[in-house]
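Enquirer: sequence-free structure coming up:
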């Protein structure tokens, strides 16, 4: 499975990891799934219903779940891909940044990580910032 690259970011789909440069960026699982789906469909208007079905299959979730995850992604992408997610009022969202499929990195030693609560999300996108060690593990754990 290829990685996706846009702006300063790389999505490693096989490791379920987003990196800014070489630094891992912590994301909750559903925000990561949403980012992957949007980045795999750049430039296309993605209706809210389609995004809800893709990210939360076989589940009933409120539209506010989608809105919250878009907010998280915008906050994380701010430093290296500002404006990557466009809201089309009453219709859905569009991933506006050019995306390239690239071969997966071989031998990358960066572990999967995600944050434990939204309140603890750092501004990890600034080059040179490190993700705190205690963040490895699962969302909500």
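Expert: Received it, and whenever you're ready, just let me know what you need. The shown structure was predicted, so the numbers you read here are calculated from the model rather than taken from an experiment.

Enquirer: Would you mark the buried spots in the helix or strand bottoming out on mean pLDDT in the chain?
Expert: Using mean pLDDT, DSSP states H and E, the weakest-scoring helix or strand in the chain turns out to be helix 63-81, at a mean of 91. Within helix 63-81, the residues scored as buried using 16 or more other Cβ atoms under 10 Å are 66, 69, 70, 72, 73, 76, 77, 79, 80, 81. From N, CA and C alone the C-beta is placed, and that goes for glycine too.

Enquirer: which residues sit in contact with residue 13?
Expert: When contacts are counted by Cβ atoms under 8 Å, 6 or more residues apart in numbering, residue 13 touches 1, 2, 3, 4, 36.

Enquirer: what about the nearest residue to the second one once chain neighbours are set aside, neighbour count?
Expert: I take that to be residue 2. Nearest-residue entry for residue 2: residue 101, 4.3 Å, with adjacent residues in sequence omitted and distances by Cβ to Cβ, 6 or more residues apart in numbering. Residue 101 is surrounded by 12 other residues when neighbours are defined as other Cβ atoms under 10 Å.

Enquirer: Partner strands of whichever helix or strand residue 101 is part of, with direction?
Expert: Secondary-structure assignment from DSSP states H and E places residue 101 in strand 100-102. Here strand 100-102 has these sheet partners by DSSP bridges: strand 3-6 (antiparallel).

Enquirer: Tell me which residues are up against the strand it pairs with.
Expert: 10-13, 36, 39-40, 42, 81, 84, 97-105.
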